[in-house]
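Peer 1: Here you go, sequence then predicted model.
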Amino acid sequence: MEHAGAAEWDSLPAGVLEHIVRLHSLVQSLPDAKTRLRSVCRGWHASLPLGHAVPAHIWRWEEQMAAALAPQARAVTVLAPLPHAAASPLPQLARFPRLGRLTLRHIHVAALPALSGLTGLRQLDAIVYFPAADEGWLDWATGLTSLQRLHLTAALLRLQPEDGLQCLLPLRRHLRSLRLDGCMLLTDEGVPLLAQLSGLTRLEVTCCQASQQGVDALAAALPRLAHAELRLQDGVAEHVVMRYCWVNCGHFNSHPSQAGDRLVPLTAIGAGGGLTAHVSRAKANSLVAAAGQQWPGLGRLAVRHMGCAFLLTAEPSFQLMQRLTSLSLPRIQLPPDAARQLGACTALRELEVELNFTVRDEVLLEWRALAHMRCLRLAGNFYISEQAMAAVLAAMPGLQELRLEQMQGSGAMLGPLGELPALRTLELASCHLNDAQALHAALRGATGLAALRVQSCGIQSEVCEAVVAALPSLPHLRELQLALRRARYRPYRGLRSLHASSGMGWDGDALAAVAAAATSLRAVTLTDNVGNAVDAEWVAALAPLQRLSHLQLNSCRALRDEAVPPLCLLSSLTGLHGFRCPGLANEEARRQLRASLPCLADLSLHE
């Protein structure tokens, strides 16, 4: 339940349920409690989960408090992670006259008729359990006449009949975005029904078996479509060529299978449009190389391929793409000629590329012409000098996000950070940084940083201590990810997110010291790289974090039943995820956690 309009209900914090439950135990009348509630709710944004995931006493609270909360609510999230029940529960939605956005997680299709009276609902996002194929699977939607966005995801792949699309026709006046994920197989028979939704600007169907004629008819009937994603099955990909980026194209996203090399090329992408292609390795090579010749007016290009990284061998044509603003080519190594041509794409604002080891300084220096760059994610090589990298960064004064991978030198390559006032995110991965003092000096100038991540860089402990020493100069830092030695933890006060890993100097005492200082932490990830280091002492160290909302435990095999009581003290937790934590993946632990954590809406514990 989010901000509604009245000042006293600004919105609800992640831990507000625990506070309100305490408050409700003190007062019996909600109007008498408004003064206290204002102090709890001021300045927060989060969701109020309703459903099986929360204990029964929250349901009693909801019944008594809804009279005041419901009239103000504009958005509601319902969590019901027991979709196989005959009918998953829904709150009394008639109490929410201002409801505009509804999110349903794992709801049974039998509960959806309760939505039919929500004539003012504009956005619906639901994960639905369909027990069987049913022609009336969309009957409940006919009354949602104001709906602008409908996103349905099947909890289990159980395809429904296409005839159900008829129920969406009364919505065509307002419906702009439609996503059907695993719900229905679109064939030529369903295309005429879908084509009548002429107001669509975004369409995503993850199961598609339409012919070329069907795809052509759909493209002609939807003149406003700006983003389309049709995932064709193997057999269809062999004979369907997606010729369109649609009329007035903004974006096209193709998801072919391994037989899908025939999905491209597209031939009608308009100026400023975008293409995201999921293709095989061979097709990625030819598609990237020919992009400039085939779509010189392209605005955004992203190519994802199946398989390991490879070198672009075909002749590139990037210099022809003068309108290109965003280019993303992960795991495609660019040779010197291709990297040099990117310097001619002066409109670029977002760039994610990987350079081959043959690229040298003179090539990278061509990028000084990219003065409009906002986001740079670069995987370089150890032959590029720090002076060249620094010169390129100095030429991008508007840079907001920077990720450098596989670079070598001292921290001097980051010297221009002080000249980048808009920089908010910095990530260094697998960079050999051999001068921690220079790195410390560079980071002190990046006073606007909000997120800082350092992974596997040089002598990790020295690099991380240099980062820690610079933290007092970063007043806006809210997210920090690095492997720290435990002797240095004084400047953490403003952190909101922290990732701690064993094997790099962390232990329970170190974590306790950080938690005692960084009491504003909202999200913590604990990863056990050693195999048996993260134990109940680590979990107990989190006790001061009364605002902690999300906790992720990775490969914490040493956690046993004794870790459950300290977890139960983290009363503001809304999400607890444990991956490869066999000691916690039992029903008794889950029962204790659900009973003790009143805010817990997302619990996932796996062996």
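Peer 2: That came in fine, so what should we check first? Every value quoted in this text rests on a predicted model; they were computed, and no experiment measured them.
Peer 1: Excluding sequence neighbours, find me the nearest residue to residue 115.
Peer 2: Excluding its sequence neighbours, the residue lying closest to residue 115 (CB to CB, 6 or more residues apart in numbering) is residue 140, at 5.6 Å. Using the backbone N, CA and C atoms, a C-beta is placed for each residue, glycine as well.
Peer 1: Quick one: neighbours of residue 293, just the number.
Peer 2: Using other CB atoms under 10 Å, residue 293 has 12 other residues around it.
Peer 1: tell me the contacts of the residue nearest to residue 115?
Peer 2: 112-113, 115-116, 167 (CB atoms under 8 Å, 6 or more residues apart in numbering).
Peer 1: what about residue 552, distance to residue 527?
Peer 2: 8 Å (CB to CB, to the nearest Å).
Peer 1: Quick one: the helices in the stretch 201-350 of the chain, in order.
Peer 2: For the stretch 201-350 of the chain, the helices defined by DSSP state H, counting those that start in this stretch cover 212-221, 234-237, 281-294, 336-341.
Peer 1: Same question for the stretch 401-550 of the chain.
Peer 2: Going by DSSP H, counting those that start in this stretch, the stretch 401-550 of the chain shows helices at 436-444, 460-470, 508-517, 536-540.
Peer 1: want to throw those into JSON lines with mean neighbour count, distance to residue 121 and mean pLDDT?
Peer 2: JSON lines is the format used below for those (neighbours: other CB atoms under 10 Å; distance: least, CB to CB, whole Å; pLDDT from 0 to 100):
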{"stretch": "helix 436-444", "mean neighbour count": "20", "distance to residue 121": "47", "mean pLDDT": "87"}
{"stretch": "helix 460-470", "mean neighbour count": "20", "distance to residue 121": "47", "mean pLDDT": "74"}
{"stretch": "helix 508-517", "mean neighbour count": "18", "distance to residue 121": "42", "mean pLDDT": "77"}
{"stretch": "helix 536-540", "mean neighbour count": "21", "distance to residue 121": "41", "mean pLDDT": "86"}
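Peer 1: Quick one, which of the ones you listed gets closest to residue 292.
Peer 2: helix 436-444 (35.6 Å; CB to CB).
Peer 1: circling back to that earlier point, which among the helices of the stretch 401-550 of the chain is found nearest to residue 182?
Peer 2: Using CB to CB, the nearest of the helices of the stretch 401-550 of the chain to residue 182 is helix 536-540, at 36.7 Å.
Peer 1: name the helices or strands packed onto the closest one?
Peer 2: helix 508-517, helix 564-568 (3 or more CB pairs under 8 Å, 6 or more residues apart in numbering; DSSP states H and E).
Peer 1: Nearest to residue 214, out of the ones you listed?
Peer 2: Among the helices and strands packed on helix 536-540, helix 564-568 sits nearest to residue 214 (CB to CB), with 52.6 Å.
Peer 1: Now do the buried residues in the closest one.
Peer 2: 564, 566-568 (16 or more other CB atoms under 10 Å).
Peer 1: and residue 350, how many neighbours does it have?
Peer 2: Residue 350 has 18 nearby residues by other CB under 10 Å.
Peer 1: And for residue 314?
Peer 2: 12.
Peer 1: any idea how far residue 541 is from it?
Peer 2: The value you get for residue 314 to residue 541, if CB to CB is used, is 54 Å.
Peer 1: just to revisit the earlier point, now the contacts of residue 140: which count as buried?
Peer 2: The neighbour-count criterion (16+ other CB under 10 Å) marks 112, 115, 167 among the contacts of residue 140 as buried.
Peer 1: show me where the stretch 51-200 of the chain has strands.
Peer 2: 75-79, 101-108, 123-129, 149-154, 177-181 (DSSP state E, counting those that start in this stretch).
Peer 1: Return the distance of stretch 292-306 from the chain's centre.
Peer 2: For stretch 292-306, the distance from its own C-alpha centre to the chain's C-alpha centre is 23 Å (CA atoms, centre = their mean, to the nearest Å).
Peer 1: If anything else comes up later, I'll come back, but that's it for now.
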